[in-house]
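Chemist: generate coordinates for the sequence data below:
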Amino acid sequence: MSTPPEPGDSRPPELAEPLPPSAPVPGVPGAVRPESLRDSAPRSAKEDPQFPAPPQQALPPAEPPVRNSRLVPLVGGAVLVLALVAVVAFLALNPGRRSEESIGGAVSGSPAVAGRGPAPQVGAPITTGAGESGAPAAGPTGARSQPPPAGVPCAYSSADRGEGDTRLIATPAPKSTLSGRVTATIQTNLGPIGVQLYADRAPCTVNSFVHLSRDDFYSDTPCHRLTTDGLYVLQCGDPSGTGTGTPGYQFGEENLPTTLPPYPRGTLAMANAGPGTNGSQFFVVYKDSDIPPDYTVFGTVTSGMDLLDRIAAAGTTTGQPDGPPKQAVQITEIRVA
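Modeler: Here you go, the predicted model:
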């Protein structure tokens, strides 16, 4: 057994105390050796215990990637836009599909399919809107539109209004829509005279007569002429009472007589100054008259002939066969039924 060495004696190397580690070089991290102590080859912790490798730190668990919440609505909006574009493209490529589903059943009468509207009927005939009977189709309000009224075209041209009382009156409608027989009453200061108008034989003449009557052209006008020899008539319809007055327009003849006598008792006819000059003046025949058939027959007297007989029996104011009636006759109005 060896004795411990005395103080001051040298010690064997195995008993020598280890030297303290060198102080780190200023400015260099303590975990890095000075350049003079480095070897070219790397050392492990066993080879160089003074410079062990730093302990391996455990990596923290990987966190899930953070999603950008701002991208969610953007992506959703993009998807919605793409869906709308696809729908529009589909409808553009199939233009008839939607209309067939919505109106097919209404045209063909097929039952409706739930959620899709009426189903079109295969092979249904295409119609023009009118039914099999030719009735006009219903309009926007549900009421059936009416065809334009049938009628006879009439030509009314301007004419001089004459002298005296020149009443302003509009021209009648250029188409007569009256038909059959029209009844009217000539009211006078002496009593009523009932007449029947031939709208079926003289449509334009009756159209004018009714127009003037309803616009009071004849109201408060005199019957200015009575004839008592060969021609037996009472003439009326001139507001001026001179025999020259007109309504401001004229038109042609209709329904000229072809029988004898051409103007029998009770005839209602138009007075004129020549062909195509019919206006407002008319005459009532109280006795068969054999005169040229140049005057339009547009009606007949149905009541009041006794009144006409009394007027004729009184004669004219001059005593001549042609002149103003001695018994004054004034039309108060003409009523058309």
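
Chemist: low pLDDT regions in the stretch 101-250 of the chain?
Modeler: 101-149 (pLDDT under 70).

Chemist: tell me the helices in it, going along the chain?
Modeler: In the stretch 101-250 of the chain, the helices defined using DSSP state H, counting those that start in this stretch lie at 203-214.

Chemist: and the strands in it?
Modeler: 112-113, 117-118, 152-153, 157-158, 175-176, 181-188, 191-198, 221-222, 225-229, 231-236, 249-250 (DSSP state E, counting those that start in this stretch).

Chemist: okay, these in JSON lines with distance to G304 and mean neighbour count next?
Modeler: Using the backbone N, CA and C atoms, a C-beta is placed for each residue, glycine as well. Below are those laid out as JSON lines (distance: least, Cβ to Cβ, whole Å; neighbours: other Cβ atoms under 10 Å):
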{"stretch": "strand 112-113", "distance to G304": "67", "mean neighbour count": "12"}
{"stretch": "strand 117-118", "distance to G304": "66", "mean neighbour count": "18"}
{"stretch": "strand 152-153", "distance to G304": "29", "mean neighbour count": "13"}
{"stretch": "strand 157-158", "distance to G304": "33", "mean neighbour count": "10"}
{"stretch": "strand 175-176", "distance to G304": "26", "mean neighbour count": "18"}
{"stretch": "strand 181-188", "distance to G304": "8", "mean neighbour count": "19"}
{"stretch": "strand 191-198", "distance to G304": "4", "mean neighbour count": "19"}
{"stretch": "strand 221-222", "distance to G304": "17", "mean neighbour count": "22"}
{"stretch": "strand 225-229", "distance to G304": "16", "mean neighbour count": "19"}
{"stretch": "strand 231-236", "distance to G304": "11", "mean neighbour count": "21"}
{"stretch": "strand 249-250", "distance to G304": "28", "mean neighbour count": "20"}
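
Chemist: closest to P325 out of those?
Modeler: Of all the strands of the stretch 101-250 of the chain, strand 225-229 sits nearest to P325, with 4.0 Å by Cβ to Cβ.

Chemist: what does that closest one contact?
Modeler: The contact list for strand 225-229, computed with Cβ atoms under 8 Å, 6 or more residues apart in numbering, reads 233-235, 243, 283, 311-312, 315-316, 321-326.
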